[in-house]
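Asker: Could you work out the structure for the sequence below:
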Amino acid sequence: MFDRVRKACARVFNGTRAEETGRAGAGTGEERRTEKGRTPNLFEAASAYVSACAEDDQERMDEAAGWVSPEALSFGVNELACRAVIALARERDESPRAVARALLGLPAA
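Answerer: Coordinates of the predicted model:
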């Protein structure tokens, strides 16, 4: 019984992976790769996307956005923003809310 469940899970995983590979390769059948030859994960994509946004580099933004699904990229960017605000709040000895509002140019609450 366990073997059947394992095989079913493997089929689902491999099917999902095949769809991602097709999408990531933009129809070429090739996966996107980092400089080290690996397929980038969502945090690498988010990091590359945000740093490209900060440098106003549209080409790198488009490349990073193609590495993962839009939903995964959104999750990664959100996680990066949360971690950055927390790190800045600790560094400044302020609350994360105050730091986030300051970064966005909002008045103190």
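
Asker: quick check: mean pLDDT across the helix or strand harbouring residue 74?
Answerer: Using DSSP states H and E, residue 74 maps to helix 70-92. Confidence over helix 70-92 (mean pLDDT, whole number) is 96.

Asker: For whichever helix or strand comes after it, enumerate the helices and strands it packs against.
Answerer: Using DSSP H and E, the helix or strand that follows helix 70-92 in sequence is helix 96-103. Counting contacts by 3 or more CB pairs under 8 Å, 6 or more residues apart in numbering; DSSP states H and E, helix 96-103 packs against helix 70-92. Every residue, glycine included, has its C-beta placed from N, CA and C.

Asker: The helix it packs on versus helix 96-103: what angle between them?
Answerer: Orientation check (axes from the mean of the first three to the mean of the last three CA atoms, to 10 degrees): helix 70-92 against helix 96-103 gives 100 degrees.

Asker: just the CA coordinates of helix 70-92, formatted as PDB?
Answerer: Extracted in PDB, the C-alpha atoms of helix 70-92 (Å, rounded to 0.1, in the frame of the first residue of the first chain):
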ATOM      1  CA  PRO A  70       4.400  34.800 -10.200                       C
ATOM      2  CA  GLU A  71       2.900  33.500  -7.000                       C
ATOM      3  CA  ALA A  72       6.200  32.100  -5.800                       C
ATOM      4  CA  LEU A  73       8.000  35.300  -6.700                       C
ATOM      5  CA  SER A  74       5.400  37.300  -4.800                       C
ATOM      6  CA  PHE A  75       5.900  35.100  -1.700                       C
ATOM      7  CA  GLY A  76       9.700  35.400  -2.000                       C
ATOM      8  CA  VAL A  77       9.600  39.200  -2.300                       C
ATOM      9  CA  ASN A  78       7.200  39.400   0.700                       C
ATOM     10  CA  GLU A  79       9.500  37.200   2.800                       C
ATOM     11  CA  LEU A  80      12.500  39.300   1.800                       C
ATOM     12  CA  ALA A  81      10.700  42.500   2.700                       C
ATOM     13  CA  CYS A  82       9.700  41.000   6.100                       C
ATOM     14  CA  ARG A  83      13.300  39.900   6.900                       C
ATOM     15  CA  ALA A  84      14.700  43.300   5.700                       C
ATOM     16  CA  VAL A  85      12.300  45.300   7.900                       C
ATOM     17  CA  ILE A  86      13.000  43.100  10.900                       C
ATOM     18  CA  ALA A  87      16.800  43.400  10.400                       C
ATOM     19  CA  LEU A  88      16.500  47.200  10.100                       C
ATOM     20  CA  ALA A  89      14.300  47.400  13.100                       C
ATOM     21  CA  ARG A  90      16.800  45.500  15.200                       C
ATOM     22  CA  GLU A  91      19.700  47.700  13.900                       C
ATOM     23  CA  ARG A  92      17.800  50.900  14.600                       C
END
